[in-house]
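Asks: dropping the sequence and predicted coords here.
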Amino acid sequence: MQSFEYVDAPVPIDEGIVAAHREVWRRIAAAGAWWTGAERVAIAVEVRRAETCVLCRERKVALSPAAVMGEHEPNDVLSAAAVDAVHRIVTDARRLSKSWVEKLAAAGMSDAHYVELLGVVVAAFSVDEFHRGLGLPPERLPEPGGGVPSRERPAGVEPGVAWVPMLSFRAAKTSAPDLYAGMPMAPNVIAAMSLVPDAVRDLKRLSSVHYVADAEVANPLARGERLTRAQMELVAARVSALNECFY
Amino acid sequence: MSGTLDGEEIDLSAINAGPAAAASSGVPQGELLVGFADALLARDGSELVRLREAIAAALGPGGLRETASVAANFQRMVRIADATGIPQQVPLLMLGGDVIEELDLRRFASADNTPAASGVQRLLGRLLRPLAPRLMQRAAASLEKRKIDKANRSPGAGLGA
């Protein structure tokens, strides 16, 4: 049986969504630029564990997450720092900080490892959220594939704009021309993970079926098949506000 | 505070105030849509069941699917923004300056990543805002034309393939 059959879905799921979800699952299982397939699947496992993590729940209601000491359940494949990073991105992203990212680096997680971890987290989490929204059980995670990380760092990434280096619009023209294709500028939320270009490609793949294609975001006439753009933006803005996201 | 999008006049205060305010937001079925976002993030299973049925009845199965997918999309995007500390870019900050103020978005901790727009930028933003929708439409049309031209120039184009 293939993944994402959606036979029990309460509404028809169009082929574009099915194909994008399958491709993202295939990509999670494969070696990335910095993590192996086994590690990437383990990151997705922790995305789900974070939902029921007692430590995360206690931290979330504390005045500061640093005020609650403790450790997450260990993971056989990932370091404690990686597990903590996954859990905090899922459960308390609004209180992440530059100094926290710097501490991860001091604990041995490079900026590129962090960005790829983030890419896996948000891909797996958003597919799970789509399922939760429709009342569907989470899809079974893929079996890890083989292969070794490519360890490719794109030429031209620069620090300064965000907590992690990014590819500028100009630099991407030579090192990853597809990333910002069709866009008049590189929106920071797309460029944010450009240290790992495949993470941006996964993001674009999902955004084009969950929302509108990146190149169409600025076009006020771009809309869903059923929802008007105003209806889409109301959902988007409310989700962002509830997450206390300024961006 | 209100704005216009896709020809619809909408009251943006529903973004902060929740489902009850969304009923008068001017967005059709706004109360259901905002309620869905609230229930999803609160992990309120019974409310989600009720809202799925209500949204499917009001907007059709496709409307429910799109509501779930947009919510999922922004559960992803907010985490990318918060985990990387990206600032809002100046052109968007200029055009959205009043919205940021009216909705008090600077109360969010992640606002620290974005310096406030200068007085000149805000003034420019106010002047350009009425033109923004038309400019964006023109830019989108221009990009679309470029895409079509590129496709027509690609090998195999026009061969009936």
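Replies: Structure's in. What do you need?
Asks: quick check: buried residues in the top helix by length along chain B?
Replies: Criterion DSSP state H: the longest helix present in chain B is helix B:45-84. Neighbour-count burial for helix B:45-84 flags B:47-48, B:51-52, B:54-56, B:59, B:61-84 (criterion: 16 or more other C-beta atoms under 10 Å in any protein chain shown). Glycine gets a C-beta too; all of them are placed from N, C-alpha and C.
Asks: tell me which residues of the helix or strand following that helix come out buried.
Replies: Using DSSP states H and E, the helix or strand that follows helix B:45-84 in sequence is helix B:90-102. Counting neighbours by 16+ other C-beta under 10 Å, one finds that the buried residues in helix B:90-102 are B:Leu92, B:Leu93, B:Met94, B:Leu95, B:Gly96, B:Gly97, B:Ile100.
Asks: how about residues contacting helix B:90-102?
Replies: A:185, B:1, B:3, B:12-13, B:88, B:105-106, B:114, B:117, B:121-122, B:124-126, B:128-129, B:132 (C-beta atoms under 8 Å, 6 or more residues apart in numbering or on different chains).
Asks: hmm, try it at 10 Å
Replies: A:184-185, A:187-188, A:218, A:237, A:246-247, B:1-3, B:12-13, B:15-16, B:87-88, B:103, B:105-106, B:111, B:114-118, B:120-129, B:131-132, B:136 (C-beta atoms under 10 Å, 6 or more residues apart in numbering or on different chains).
Asks: the spatially most central residue of chain A and chain B, how far apart?
Replies: Nearest to the mean C-alpha position of chain A, by C-alpha atoms, centre = their mean, lies A:Val122 at 2.1 Å. Using C-beta to the nearest C-beta, to the nearest Å, we find A:Val122 at a distance of 4 Å from chain B.
Asks: for the helix or strand where that residue lies, packing partners?
Replies: If you go by DSSP H and E, A:Val122 is part of helix A:111-134. Applying 3 or more C-beta pairs under 10 Å, 6 or more residues apart in numbering or on different chains; DSSP states H and E, one finds that helix A:111-134 contacts helix A:15-29, helix A:37-50, helix A:80-91, helix A:98-106, strand A:157-158, helix A:197-210, helix B:30-42, helix B:45-84.
Asks: got these as a markdown table, with distance to A:Ser175 and mean pLDDT columns?
Replies: Listed next are the helices and strands packed on helix A:111-134 as a markdown table, based on distance: least, C-beta to C-beta, whole Å; pLDDT from 0 to 100:
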| stretch | distance to A:Ser175 | mean pLDDT |
| --- | --- | --- |
| helix A:15-29 | 20 | 98 |
| helix A:37-50 | 23 | 98 |
| helix A:80-91 | 26 | 98 |
| helix A:98-106 | 23 | 96 |
| strand A:157-158 | 8 | 96 |
| helix A:197-210 | 8 | 98 |
| helix B:30-42 | 37 | 97 |
| helix B:45-84 | 19 | 98 |
